[in-house]
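**Q** have a look; sequence and predicted model below, questions after that.
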Amino acid sequence: MSGMDLHKVDRLPGVPDRPVDAHKGTFGTVIVVGGCATMIGAPALCAMAAFRAGPGLVKIAARREWLAPMLTIEPGATGIERPSDAHQAVEAINKVDGDGSAVLAIGPGLGRDAQTPMLVEQLLRGRRDVVLDADGLNALAARGRPRPRVVDGALVMTQHHGEFRRLAGALAIEHDPTDPAQRPAAAAALARACGAVVLLKGHHTIVSDGQRVYENQSGNPALATAGSGDVLTGLIAALLAQQVDAFDAAMLGAHLHGLAADAWAHDHGPSGMRAVDLANLLPDAFAAHRAQRSP
């Protein structure tokens, strides 16, 4: 299927409702699976962004020695001690999420040790909804030729052009992820190959489920800062936790992420933004989107 054959979507969904009688169990749980000795901040930023997007609970699954600084950065989160062995790590996550209802945000700062590809593969075999980013994507590419996900859980993959090329190379996908004319077809081809919703980052981020395509219009160069991708991952995972459809969650996540950056640029110009600033502007982006959709 070429880019010309894709159904172009240009209408965004609304943000999740907030019933007046809700409690924290109403809005789901996000579990961030990430972190290593040299990337303590990434899973904490992901958790921070997730909270700003509205789920009831956010947990970080990381090695015991890294949890304390992560939870200091985002004290609203709770920790899951993640053993270094992949099988034991999955068991630890299953123990705290016995019904498999949480959404997994896999990859922020996860690192590339020998157990990582096995951990990612085992988690993808489960039925939870997953947002796969950063080293989660690299681990998937390391499997050689990634297989489509066949379980019921949704899979959203958020990648920059380098991560796209690693996965596409394993799947013999030849589209150029940096060519504006090829980006829709590139995202769609990877989505079909992996049974996923693909979010291809960049100027005018592309979202595709293999049949539909959305081209995001929000955002500016302030997003070119470390940790902005971790914020996006947490945002999309939070929307999934609130029962937003995977394609809608990826579209809405891209738009709100860019809208928050636009609010920063309005006040400060297109530079100087940190990922923490971006995460803290997400509630304003939600409010602006609600206002835009009001009659």
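**A** Arrived safely, thanks for sending.
**Q** show me the strands in the stretch 151-295 of the chain, by range?
**A** Secondary structure of the stretch 151-295 of the chain by DSSP state E, counting those that start in this stretch: the strands cover 155-159, 197-200, 206-208, 212-215.
**Q** with mean neighbour count added, can I get these in TSV?
**A** No exception for glycine: its C-beta is placed from N, CA and C like everyone else's. Listed next are the strands of the stretch 151-295 of the chain as TSV, based on neighbours: other Cβ atoms under 10 Å:
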stretch	mean neighbour count
strand 155-159	27
strand 197-200	28
strand 206-208	28
strand 212-215	21
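**Q** including distance to Asp179 and mean pLDDT, could those go into TSV?
**A** Listed next are those as TSV, based on distance: least, Cβ to Cβ, whole Å; pLDDT from 0 to 100:
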stretch	distance to Asp179	mean pLDDT
strand 155-159	16	97
strand 197-200	11	98
strand 206-208	11	98
strand 212-215	14	98
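**Q** distance to Leu281 for these - can I get that in a markdown table?
**A** Listed next are the strands of the stretch 151-295 of the chain as a markdown table, based on distance: least, Cβ to Cβ, whole Å:
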| stretch | distance to Leu281 |
| --- | --- |
| strand 155-159 | 19 |
| strand 197-200 | 19 |
| strand 206-208 | 21 |
| strand 212-215 | 22 |
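**Q** burial of the closest residue to Glu81 other than its chain neighbours, as a residue count?
**A** The shortest distance from Glu81 to any non-neighbouring residue, by Cβ to Cβ, 6 or more residues apart in numbering, is to Arg64 (4.7 Å). Neighbours of Arg64 under the rule other Cβ atoms under 10 Å: 11.
**Q** and Thr78, how many neighbours?
**A** 15.
**Q** verify the stated contact: it with Gly56.
**A** No. Using Cβ atoms under 8 Å, Thr78 makes no contact with Gly56, being 11.8 Å away.
**Q** could you pull out the helices for the stretch 1-150 of the chain?
**A** 41-52, 64-73, 86-96, 116-125, 135-142 (DSSP state H, counting those that start in this stretch).
**Q** dump those helices to CSV, plus distance to His160.
**A** Formatted as CSV, these follow (distance: least, Cβ to Cβ, whole Å):
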stretch, distance to His160
helix 41-52, 14
helix 64-73, 23
helix 86-96, 26
helix 116-125, 18
helix 135-142, 9
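**Q** out of these, which gets nearest to Ala238?
**A** Checking those against Ala238 by Cβ to Cβ gives helix 41-52 as the closest, at 4.3 Å.
**Q** quick one: the closest residue to Asp248 other than its chain neighbours from Val244, how far?
**A** The shortest distance from Asp248 to any residue other than its chain neighbours is 4.4 Å, reached at Pro13 (Cβ to Cβ, 6+ apart). Distance, Pro13 to Val244, by Cβ to Cβ, to the nearest Å: 7 Å.
**Q** identify the contacts common to those two.
**A** Leu252 (Cβ atoms under 8 Å, 6 or more residues apart in numbering).
**Q** any regions of the stretch 51-200 of the chain where pLDDT drops low?
**A** Applying pLDDT under 70 to the stretch 51-200 of the chain flags the ranges 145-148, 150.
**Q** related to what we said a few turns ago, correct me if wrong: the residue nearest to Glu81 contacts Ser84.
**A** No. Using Cβ under 8 Å, Arg64 makes no contact with Ser84, being 10.0 Å away.
**Q** most tightly packed of the helices of the stretch 1-150 of the chain?
**A** Stretch with highest mean neighbour count among these: helix 41-52 (a mean of 29; mean count of other Cβ atoms under 10 Å).
**Q** so that one versus helix 64-73, what angle?
**A** 40 degrees (axes from the mean of the first three to the mean of the last three Cα atoms, to 10 degrees).
**Q** name the nearest residue to the residue most central in space within the chain, ignoring sequence neighbours.
**A** Centroid-nearest residue in the chain, with Cα atoms, centre = their mean: Thr233, separated by 2.4 Å. The shortest distance from Thr233 to any non-neighbouring residue, by Cβ to Cβ, 6+ apart, is to Asp133 (4.3 Å).
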